[in-house]
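In: Just need the structure, nothing else, for what follows:
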Amino acid sequence: MPLEGSYAIWNNRGGSGKTTLTYHLANKFALKNPDKTILLIDMCPQTDLSHALLGDDEHNQDYVSQIGTMKKDPMVFGEQKFAKTVSGYLDLYSCQGLPGSVDPRTFLLNVSKFNAQLPRNLYLLCGDASIELIARSLDHKRNQTASVSPFGAHAWKSITTSLKQFIAKIAERKGIKLVAFIDVQSSCSIISEIGLAACDKLLIPITDDHLHRNGFEYMFALLYGFSQPSSVYYYHRHFSFYYRAKQYDVKLPKIHLILNKSHRTATTKNNQKEWEFIFEVYKKHPQAFNLAKESLELTTLEQFKSEFVISISEETSANQIVRQAVRSHSPLLTPKKNSNTNNNNNSNNGSSSNRNSSSNLVILSTSSSSRLKNPKIVRSASPSPNTRNASLPNVNANCVNKSSDALNENFSLIKQDCLSLNSNLLNEELSMYSQNEQTNAILYDEVLDKIVSSLDRT
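Out: Below is the predicted model of the structure:
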């Protein structure tokens, strides 16, 4: 089946919270779409996303380092071994491309086999620290002449689209409805370029500190060649990503959403000029933005922001519970335990519910050790395996689609009647956090729902 969607979460500046967003967004999307296979790709050398998803083993050793150093379950091809990581795949690809005899699923990890708290339809192409070293080799190889390159005259395009080919080959598998999320390194290195070239749509998280004209000029110049801030960009354009992508017919992603994190105390006037600049870029280059309908005309800044901007307060996104969920490898919200509801779901759905709850993507594992569970992770808040992906309540309609005041007033009602904060993710009582922090965590989940809904926009 064709790829249903591929999204890169990227900002060319660090500190935007993209990894935290990727973690929670992928979990939310997987829970709301149990019939789809959700692929996460960690392109950052810090491997924070991979650590958050997998956690540690029973000896307090992190899985990511074991996988990256091939101490755990390497992929064997001929007489060579490759780590089941993004670097392992790129290392194999750089030698000769992706051999037809290699199933790319071999490189993937089913997250729930390491961390039973997370959805069973989440799969990870794990990050590792060696990606920066691999990047140097890849940059050399993609600039080789046709006479020495194993890719001939297509070296630059082949290597730049190596991850896109990986995703496409998985999506070809019968019965798979694949959606990919890529956590892209905060820079414009070759690794970032490979990640950006692999996706169709771009989610850009920003903060008040990032929201200034120079920052957006630089980003637009790097990725699209727009708004070049100085003559240097023009004279050296032959080395730029956008120029070479156009030269070799590499499709660049379209901006799908700008996720604006701002302080509640910030005034609208502070950033008005910056938003007006972004809107002017849109009016000059609408082809770089992913409009719901090509015929749709956005003639005002308010219309543009309604279509492309989702706002979230810094206080909500930096919430301690939101961060603790990542540190403890846990989901933010869990379905309220209700035996009657679970029994009804099981009786109504029958065997089809169980079929839908598991992904059609089968991991090709060479070792049973990949089935180890993480004993450090508290699991009592997770649904049982038979009901893990049972239908969730309509969050927007019944739970958190309320004003902040209403959430504060009715917080206990929300917890009782719908989704509850996952208290076990804290390894402490939830009451140790203030009601305001708990409310902000639910507000953060509401923003995730808005983002997930926007991803349906073609």
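In: Listing request: residues of this structure with sub-threshold pLDDT.
Out: Counting by pLDDT under 70, the chain shows low-confidence ranges at 1, 209-213, 229, 263-270, 295, 334-432, 458.
In: now the strands: where do they sit in it?
Out: 5-9, 37-42, 75-77, 80-82, 109-110, 122-125, 178-183, 201-207, 254-262, 309-313, 333-335, 419-421 (DSSP state E).
In: Can you add distance to residue 91 and give those back as CSV?
Out: For the C-beta atoms, the positions are set from N, CA and C on the backbone; glycine is no exception. Listed next are the strands of the chain as CSV, based on distance: least, CB to CB, whole Å:
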stretch, distance to residue 91
strand 5-9, 22
strand 37-42, 15
strand 75-77, 10
strand 80-82, 6
strand 109-110, 17
strand 122-125, 13
strand 178-183, 18
strand 201-207, 27
strand 254-262, 30
strand 309-313, 37
strand 333-335, 38
strand 419-421, 41
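In: any chance of those strands in CSV, plus mean neighbour count and distance to residue 455?
Out: As requested, the strands of the chain are exported to CSV (neighbours: other CB atoms under 10 Å; distance: least, CB to CB, whole Å):
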stretch, mean neighbour count, distance to residue 455
strand 5-9, 23, 6
strand 37-42, 26, 11
strand 75-77, 16, 31
strand 80-82, 14, 32
strand 109-110, 23, 22
strand 122-125, 25, 16
strand 178-183, 25, 8
strand 201-207, 23, 8
strand 254-262, 21, 8
strand 309-313, 18, 11
strand 333-335, 23, 18
strand 419-421, 21, 20
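In: Distance check, the nearest residue in space to residue 137 that is not next to it in sequence against residue 149.
Out: Once flanking residues are discounted, residue 137 sits nearest to residue 94: 6.3 Å by CB to CB, 6 or more residues apart in numbering. Applying CB to CB, to the nearest Å, the value for residue 94 to residue 149 is 10 Å.
In: try residue 197
Out: 18 Å.
In: Pick out whichever of these two has more residues nearby.
Out: The residue with more neighbours, out of residue 197 and residue 149, is residue 197; 21 against 17, by other CB atoms under 10 Å.
In: Hmm, that one is touching residue 165, no?
Out: No - contact criterion CB atoms under 8 Å: residue 197 and residue 165 do not qualify, at 10.2 Å.
In: quick one: contacts for residue 20?
Out: Residue 20 sits next to 317, 322-323, 326 when contact means CB atoms under 8 Å, 6 or more residues apart in numbering.
In: Okay, and which of the residues you listed map to helices?
Out: By the criterion of DSSP state H, membership of the contacts of residue 20 in helices covers 317, 322-323, 326.
In: I would like a PyMOL command selecting only the buried ones among these, please.
Out: This is how PyMOL selects the buried members of these, with burial counted by 16 or more other CB atoms under 10 Å:
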select buried, resi 317+322+326
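In: Which residue is the nearest non-sequential neighbour of residue 29?
Out: Closest to residue 29 by CB to CB, 6+ apart is residue 452, at 5.4 Å.
In: Distance check, the residue nearest to residue 137 against residue 134.
Out: When residue 94 is compared with residue 134 (using CB to CB), they lie 8 Å apart.
In: check contacts around residue 243.
Out: Neighbours of residue 243 in contact, by CB under 8 Å, 6+ apart: 225, 237.
In: ditto for residue 149
Out: Contacts of residue 149 by CB under 8 Å, 6+ apart are 141, 155.
In: returning to what we had before: so which of the contacts of residue 20 would you say is closest to residue 440?
Out: Nearest to residue 440, judged by CB to CB, of these is residue 322 at 7.7 Å.
In: if I read this right, that closest one contacts residue 333, doesn't it?
Out: No - the criterion here is CB under 8 Å, and residue 322 misses it with residue 333 at 10.8 Å.
In: Dump stretch 87-100 to CSV, keeping only the CA atoms.
Out: Extracted C-alpha coordinates of stretch 87-100, given in CSV (Å, rounded to 0.1, in the frame of the first residue of the first chain):
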residue,chain,number,x,y,z
SER,A,87,23.8,4.6,11.0
GLY,A,88,23.8,0.8,10.4
TYR,A,89,21.4,1.2,7.5
LEU,A,90,23.2,4.2,6.0
ASP,A,91,26.5,2.4,6.3
LEU,A,92,25.1,-0.6,4.4
TYR,A,93,23.5,1.7,1.8
SER,A,94,26.6,3.8,1.2
CYS,A,95,28.4,0.7,-0.1
GLN,A,96,26.1,-0.3,-2.9
GLY,A,97,22.6,1.0,-2.2
LEU,A,98,19.9,-1.2,-0.6
PRO,A,99,20.4,-4.7,-1.8
GLY,A,100,17.3,-6.4,-3.1
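In: Give me the distance between that stretch and the centre of its chain.
Out: In terms of CA atoms, centre = their mean, to the nearest Å, the gap separating the centre of stretch 87-100 from the centre of its chain is 23 Å.
In: And that stretch, what's buried?
Out: 87-94, 97-98.
In: Please identify which pair of those lies farthest apart.
Out: Farthest pair in those, by CB to CB: 87 and 97, 16.5 Å.
In: hmm, back to that, please produce TSV containing the ones in helices among the contacts of residue 20, extended by distance to residue 287.
Out: Shown next, in TSV, are the ones in helices among the contacts of residue 20 (distance: CB to CB, whole Å):
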residue	distance to residue 287
317	30
322	35
323	37
326	35
